[in-house]
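Enquirer: Dropping a prediction and its sequence here:
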Amino acid sequence: MRRWMIIGTALVVAMAACSSADLAENIIEQSDDVGNIEIDENDGTVVIEIKDDDGDTSAVIGGGDVPDDFPIPVPDGGNVMAVVTQGVDTSLSITYPQDQFENLKDFYSDYAANTGEVLVTFESADPPGASWTIQTDNQIFSISVGDTGTEVSVALVVVTSG
């Protein structure tokens, strides 16, 4: 949990520093348990890497790529907004055009029904949204699809157990 707070703090400092990445890195690296942070601002993307005794955590905010070995399918046509990895766990945030809500909801509903054991299903009409939690042999997947009124937001989280 502490890492997520560090990532959030680093992002806020980087944004506030407005291209003063070195200053933000120096401030965050003063925190306990943080070995190294690299903030790279290219094309509006902030890359944060934290290396400490517990392993590596990285976050790409404002872009990024779906990892090649990501186990949840990601339909084409989306815009990756964030990729966060912590050890073997990964989360993605992707946006799609608003008219894709029903297609994405149906896509992930079918995926959930055919993948592992569905632990939780939730659907909302106002605001429009749906989510599923799925357990496989050694992973838990969390999938959320929501219509924000201007776009569709998809959040995908993979947590791997020992």
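Expert: Structure received.

Enquirer: contacts, neighbours, all on C-alpha from now
Expert: Fine.

Enquirer: unless I'm mixing things up, Phe141 is touching Val120, no?
Expert: No: taking C-alpha atoms under 8 Å as the definition, Phe141 is not a contact partner of Val120, at 10.6 Å.

Enquirer: Spit out the residues that contact the two alike.
Expert: Jointly contacting Phe141 and Val120 under the rule C-alpha atoms under 8 Å, 6 or more residues apart in numbering are Trp132, Thr133, Ile134.

Enquirer: quick one: which of these sit in strands?
Expert: Trp132, Thr133, Ile134 (DSSP state E).

Enquirer: so who does the last one touch?
Expert: Contacts for Ile134 (C-alpha under 8 Å, 6+ apart) come out as Ala112, Thr115, Gly116, Glu117, Val118, Leu119, Val120, Ile140, Phe141, Ser142.

Enquirer: How confident was the prediction at it?
Expert: Ile134 is assigned a pLDDT of 93 by the prediction.

Enquirer: Mind giving me the packing neighbours of the host helix or strand of Ala112?
Expert: Applying DSSP states H and E as the criterion places Ala112 in helix 101-113. Identification of packing neighbours for helix 101-113 by 3 or more C-alpha pairs under 8 Å, 6 or more residues apart in numbering; DSSP states H and E yields strand 128-135, strand 139-147.

Enquirer: And the nearest residue to Glu49 once chain neighbours are set aside, how far from Val88?
Expert: Closest residue in space to Glu49, ignoring its immediate chain neighbours: Ser58 at 4.3 Å, by C-alpha to C-alpha, 6 or more residues apart in numbering. As defined by C-alpha to C-alpha, to the nearest Å, Ser58 lies at a distance of 11 Å from Val88.

Enquirer: Perfect, that will be all.
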